[in-house]
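Q: show me the folded form of this:
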Amino acid sequence: MKRSIINNHIRDAKEFIAQMQFALPPFAYWSPEEWKTRGSEYNEIRENQLGWDLTDFGSGDYDRLGLFLFTIRNGSFKNPSGKTYAEKLLIVKPGQVTPWHYHNSKMEDIINRGGGGTLKIQLYRSLDEHSLDEKSDVPVSVDGRNYTVKAGTVVSLGTGESITLQQGVFHQFWSDDAALLLGEVSMVNDDHKDNFFLEERGRFPGIEEDEKPLHLLVGDYEKYR
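A: Just a heads-up that it's a prediction; the model follows:
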């Protein structure tokens, strides 16, 4: 992805998040030059990959297959005595799909925080990393209601509603009707080792540096120490 396009997506995200009256932490607004002045006391941000993030999952078509994220807090598998939880904001554009994947370590809640639309999330158990279980029912927990659904069921979440996704449950999600601000509350998140995609996917985009970063992505920190 071109850096200029990434910068535009960040500008749009900042405006949308402000419209939703959600306040980001101060480090969200630091420039690359400000990052160069931040010492080792901010290593938790760098090492646990807090901050701006987006991906086209290697598709080259972000508007069709992509996701925008901001990680607010996160622990690390390398520090078992540290934080055991994570929190993210996600932005889903209409018609934009986050493709089939599951997590081995992370249980997560996905919350429809606002935007006026409905989040659609489709569910299967996994047989293995590259196989959907098309026969077994899937356990579902929606806002404290625990039940099962048939394999392949699409669960719809209105504003304020949430779903708990257990480890090993394949899911893909999208919005048909509006841009949505989602929350993710989960166990420690590791996007390098704990994303298992049904089809071969890239998690982090390659970047063509056609202009300076507006704000750093989580993959940029090592360049600005």
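Q: hmm, who's touching the helix or strand hosting K88?
A: According to DSSP states H and E, K88 maps onto strand 85-92. By Cβ atoms under 8 Å, 6 or more residues apart in numbering, the residues outside strand 85-92 that reach it are 13, 16-17, 22, 24, 67-75, 98, 106, 110, 113, 119, 173-175, 179-189. Using the backbone N, CA and C atoms, a C-beta is placed for each residue, glycine as well.
Q: chain center to stretch 103-110, what's the gap?
A: Its chain's C-alpha centre and that of stretch 103-110 lie 11 Å apart, by Cα atoms, centre = their mean, to the nearest Å.
Q: state the mean pLDDT of that stretch.
A: For stretch 103-110, mean pLDDT is 97.
Q: need the longest strand for this structure.
A: With DSSP state E applied, the strand covering the greatest number of residues in the chain is identified as strand 119-128.
Q: residues of it that come out buried?
A: For strand 119-128, the neighbour count (16 or more other Cβ atoms under 10 Å) marks 119-126 as buried.
Q: any idea how far E34 is from the nearest residue to L127 once chain neighbours are set aside?
A: Closest residue in space to L127, ignoring its immediate chain neighbours: D133 at 4.8 Å, by Cβ to Cβ, 6 or more residues apart in numbering. Look at D133 and E34: by Cβ to Cβ, to the nearest Å, they are 48 Å apart.
Q: circling back: list just the nearest of the buried residues of strand 119-128 to Y147.
A: L123 (12.0 Å; Cβ to Cβ).
Q: go ahead and confirm the closest one touches D137.
A: No - in terms of Cβ atoms under 8 Å, L123 does not count as a neighbour of D137; the distance is 9.8 Å.
Q: mutual contacts of the two, please.
A: 149, 151.
Q: the protein: strands as residue ranges?
A: Along the chain, counting by DSSP E, strands occupy 51-55, 67-73, 85-92, 98-102, 108-114, 119-128, 131-133, 138-142, 145-149, 154-157, 162-165, 169-175, 180-187, 196-197.
Q: comparing D133 and E34, which shows the higher neighbour count?
A: Higher neighbour count among D133 and E34: D133, with 17 against 13, using other Cβ atoms under 10 Å.
Q: enumerate every residue touching that one.
A: By Cβ under 8 Å, 6+ apart, D133 lies in contact with 124-127, 151.
Q: let's see it at 6 Å
A: Contact analysis of D133 by Cβ atoms under 6 Å, 6 or more residues apart in numbering lists 124-125, 127.
Q: any chance of the strands of the chain in CSV with distance to N43 as columns?
A: Shown next, in CSV, are these (distance: least, Cβ to Cβ, whole Å):
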stretch, distance to N43
strand 51-55, 13
strand 67-73, 14
strand 85-92, 17
strand 98-102, 28
strand 108-114, 25
strand 119-128, 34
strand 131-133, 39
strand 138-142, 35
strand 145-149, 39
strand 154-157, 36
strand 162-165, 30
strand 169-175, 32
strand 180-187, 21
strand 196-197, 28
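Q: closest to E211 out of these?
A: strand 51-55 (15.6 Å).
Q: in terms of secondary structure, what does that closest one contact?
A: Counting contacts by 3 or more Cβ pairs under 6 Å, 6 or more residues apart in numbering; DSSP states H and E, strand 51-55 is packed against strand 67-73.
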